[in-house]
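quick one, structure for this:
(one chain, ligands or ions: 1)
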Amino acid sequence: MTLTDVKKNFGKTRALQGVSLTIEQGEIVVLLGLSGSGKSTLLRHFDGLETPTSGSVEVLGEDVSALRGKPLRQLRSRVGFIFQQFELVGSLSVLENVLTGALARLTGPRLGLPTYPAALRSTAFDLLEEVGLGAQAFQRADTLSGGQQQRVAIARALMQDPEILLADEPVASLDPESSEQVMNLIREIGMKRNLTVICSLHQVELALSWADRIVGLRHGQVVLDTPSAGLSKQQVMEVYGRVATSTSEMQAVAVELADAVAELHAMAELDSDR
Ligand SMILES: Nc1ncnc2c1ncn2[C@@H]1O[C@H](COP(=O)(O)OP(=O)(O)OP(=O)(O)O)[C@@H](O)[C@H]1O
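Numbering: from 1, shown residues only. Below is the predicted model:
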């Protein structure tokens, strides 16, 4: 997929200011940036949830801004989306939530498990097994923990049999242990199916340990685009430090840098103790 000089304005807010980016099939990419840097807006361009004010967005060979109606729905069905707040229907069973991922392929409304074709029910169940929730299939979704709910949301996205998986701050509402499980699962699933995975995050360390490539955003512009292998938190924060202009940005960078330096010291001490 390729974005060329994409600008997006919301009234006077310039959310994206000329983003150009090419992402190859099978890449695992993090969009990294502070709150308000444009991560969600950029992510939403990849499945036509937003259209650019100017510039072009090509996804899976389609010019997304030119699509309307059925062709746009068809493209969206090839792109799975995972949200920060899971967006499950709490009163429905876990299995039925997963099945809603297949609705784009079906005609007419579906109410209740028996109204879905048996083959789809079986696929949904297999996906729940894959994300480790086979035993919870018939529970109400709102009885699950946050981490479990996000795993259901992943299974629902996979029900679309997507080629691209987008995740918008998927672990922002989760504790560290569930976060790790969910991020590992997204990566495993992406690699197994050769999906393009694009995930927005604000945590530098998590981004570095998880992604193959980091795209850093600041004020709607790409300030960093690099493989994550061999990159340190300090190097990432130095880039943000160089481009930061406001006091609050400098403070955020200083806090992160102090953490990175403290870690380096701790590691050096550990080494000298050995
Ligand atoms: N629908 C909208 N209407 C008006 N302004 C918007 C809309 N969506 C985003 N914005 C603005 O665009 C800018 C970028 O927002 P965006 O949500 O993309 O950032 P973000 O990096 O994802 O931040 P966060 O992590 O807080 O969600 C912000 O100034 C935001 O207020």
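
please tell me how far Gln160 sits from Gln203.
As judged by C-beta to C-beta, to the nearest Å, Gln160 and Gln203 stand 27 Å apart. To be clear about C-beta, it is placed using only N, CA and C from the backbone, and glycine gets the same treatment.

just checking, Ile82 touches Val152?
No - the pair Ile82 / Val152 is not scored as a contact, 10.4 Å apart, by C-beta atoms under 8 Å.

number of nearby residues for Pro200?
Not Pro; residue 200 is Ser. 27 (other C-beta atoms under 10 Å).

make that Lys7, sorry
Neighbours of Lys7 under the rule other C-beta under 10 Å: 15.

correct me, but it touches Thr51?
No - taking contacts as C-beta under 8 Å, Lys7 lies outside contact range of Thr51: 11.3 Å.

skip the chain neighbours and tell me the closest residue to Ala254.
Gly241 (7.9 Å; C-beta to C-beta, 6 or more residues apart in numbering).

helix, strand or coil: sort out that neighbour for me.
Here Gly241 is recorded as helix under DSSP: H, G, I helix; E, B strand; the rest coil.

list the contacts for it?
By C-beta atoms under 8 Å, 6 or more residues apart in numbering, the contact set of Gly241 is Met250, Val253, Ala254, Leu257.

so which strand or helix has the first one?
Which is Met250. Per DSSP states H and E: Met250 is located in helix 247-273.

which of the residues in that helix are buried?
Under the neighbour-count criterion of 16 or more other C-beta atoms under 10 Å, helix 247-273 has Glu249, Ala252, Val253, Glu256, Leu257, Ala260 buried.

now, which of the residues you listed sits nearest Ser179?
Closest to Ser179 out of the buried residues of helix 247-273 is Glu256 (17.8 Å), distances taken as C-beta to C-beta.

distance of that closest one from the ligand?
15 Å (C-beta to the nearest ligand atom, to the nearest Å).

Ala254 versus the spatially closest residue to that residue that is not a sequence neighbour, what's the distance?
Nearest residue to Glu256, sequence neighbours excluded (C-beta to C-beta, 6+ apart): Met237, at 4.9 Å. Per C-beta to C-beta, Met237 is found 9 Å from Ala254.

you'd agree Ile214 is up against Ile28?
No - contact criterion C-beta under 8 Å: Ile214 and Ile28 do not qualify, at 10.5 Å.

could you tell me how many residues sit around Gly216?
23.

beta-bridge partners for it, please?
On the basis of DSSP bridges, Gly216 is bridged to Leu32, Leu224.

residues from the stretch 151-274 of the chain in reach of the ligand?
Glu169, Ser200, His202 (C-beta under 6 Å from any ligand atom).

quick one: contacts for the closest residue to the first one other than its chain neighbours?
Just to be clear, that refers to Glu169. Nearest residue to Glu169, sequence neighbours excluded (C-beta to C-beta, 6+ apart): Gln84, at 4.3 Å. Going by C-beta under 8 Å, 6+ apart, Gln84 touches Asp168, Glu169, Pro170, Ala172, Ser173.

show me where pLDDT drops low in the stretch 151-274 of the chain?
Residues of the stretch 151-274 of the chain meeting the criterion pLDDT under 70: 245, 260-261, 264, 267, 273-274.

can you rerun that using 80?
For the stretch 151-274 of the chain, the stretches with pLDDT under 80 are 238-274.

wait, which of the residues of the stretch 151-274 of the chain next to the ligand is closest to Arg68?
Ser200 (26.1 Å).

how far does the helix or strand containing that closest one sit from the chain's center?
Using DSSP H and E, Ser200 sits in strand 196-201. Distance of strand 196-201 from the chain centroid (C-alpha atoms, centre = their mean, to the nearest Å) equals 4 Å.
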